[in-house]
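> Pasted the sequence and its predicted model underneath.
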Amino acid sequence: MALEFTDANFETEVLNSDKLTVIDFWAEWCGPCRAIGPVIEELSKDYAGKVNIGKVNVDHNPQLSVNYGITSIPAILFVKGGKVVDKQVGAVPKSVLEKKIQANL
């Protein structure tokens, strides 16, 4: 199951992690976000133990959205070593996200 990243745990779970972390910035009212949600869950199972995969609810954690310049959702950031190494805005097929994960492992 995808992790839930918040303003409170982001530094520990994402920035200090030695693994690639995939973060889905989303909101409950966002249709494309709901469409990509199951893909994020599948990826979290497929890459369990290898990649941290989680979600940030932009309504509940506005500071993270500001910090990362999130203006459109869904926005998926790929973070490694505390730095954003790739980004995907908008709902895309699972294969697109898998290619980005593989490229940054």
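Structure's in. What do you need?
> Please, where are all the strands along the protein?
Here the chain has its strands, by DSSP state E, at 3-4, 21-26, 52-57, 75-80, 83-89.
> Can you add mean pLDDT and mean neighbour count and give the ones you listed back as CSV?
The way it works is simple: take the backbone N, C-alpha and C, and place the C-beta from them, glycine included. Listed next are the strands of the chain as CSV, based on pLDDT from 0 to 100; neighbours: other C-beta atoms under 10 Å:
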stretch, mean pLDDT, mean neighbour count
strand 3-4, 96, 15
strand 21-26, 98, 25
strand 52-57, 98, 22
strand 75-80, 98, 21
strand 83-89, 97, 14
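> Reformat the ones you listed into JSON lines and put distance to residue 41 next to each item.
Putting the strands of the chain into JSON lines (distance: least, C-beta to C-beta, whole Å) gives the following:
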{"stretch": "strand 3-4", "distance to residue 41": "11"}
{"stretch": "strand 21-26", "distance to residue 41": "10"}
{"stretch": "strand 52-57", "distance to residue 41": "9"}
{"stretch": "strand 75-80", "distance to residue 41": "13"}
{"stretch": "strand 83-89", "distance to residue 41": "16"}
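> Can you say which of those is nearest to residue 35?
strand 21-26 (10.2 Å; C-beta to C-beta).
> do you know which of the strands of the chain lies nearest residue 10?
strand 52-57 (7.7 Å).
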